[in-house]
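*Asks:* A predicted structure for the sequence below; I have some questions about it.
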Amino acid sequence: LIDALPSIFGFSLQVTQKIVYVFWFFMMVFSAYILAHTINSESRIFKLTSVILYQFNFFILQGWWIGERTKFSAYIAFPLVLAIFLKGLLLKLR
């Protein structure tokens with residue numbers, strides 16, 4: 001669906017690929033930010049540092065060269081699942 005939507009709207013193949021890569025990039029940033037906000041909602045420096053370190057690392061670098069969407073989706077889902085788990089755990093402890 002993510003790959004098909006830009007194509008349906010009439011974008012060329014190159015523009016479609018650019019849109020899809022930007023989508024994956026920002027979804028990784030968004031999911032890391034959600035986890036960082038769940039852990040420490042007051043510190044802006046913590047959130048910025050954790051998002052940058054999560055986004056730019058050598059584990060995900062190979063995925064950008066060949067466009068591993070499965071790796072990207074797992075990389076996006078892990079912080080979201082962990083944030084939901086931590087929120088549930090914190091609510092249970094109260």
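*Replies:* Right, received. Where do you want to start? Residues are numbered from 1 along each chain as shown.

*Asks:* what about the residue nearest the centre of the chain, which helix or strand?
*Replies:* By C-alpha atoms, centre = their mean, the chain has its centre lying nearest to residue 28, at 1.4 Å. According to DSSP states H and E, residue 28 maps onto helix 13-39.

*Asks:* wait, the residue nearest to the centre of the chain touches residue 74, no?
*Replies:* No: counting by C-beta atoms under 8 Å, residue 28 stays clear of residue 74, with 10.7 Å between them. For every residue, glycine as well, the C-beta is placed using N, CA and C.

*Asks:* just give the nearest non-adjacent residue to residue 38, would you?
*Replies:* residue 83 (4.2 Å; C-beta to C-beta, 6 or more residues apart in numbering).

*Asks:* what helix or strand is the one you found located in?
*Replies:* Going by DSSP H and E, residue 83 is part of helix 69-93.

*Asks:* does the worst-scoring helix or strand of the chain on mean pLDDT pack against any helices or strands, and if so which?
*Replies:* Within the chain, no helix or strand scores below helix 58-66, which has a mean of 83 by mean pLDDT, DSSP states H and E. The helices and strands touching helix 58-66, judged by 3 or more C-beta pairs under 8 Å, 6 or more residues apart in numbering; DSSP states H and E, are helix 69-93.
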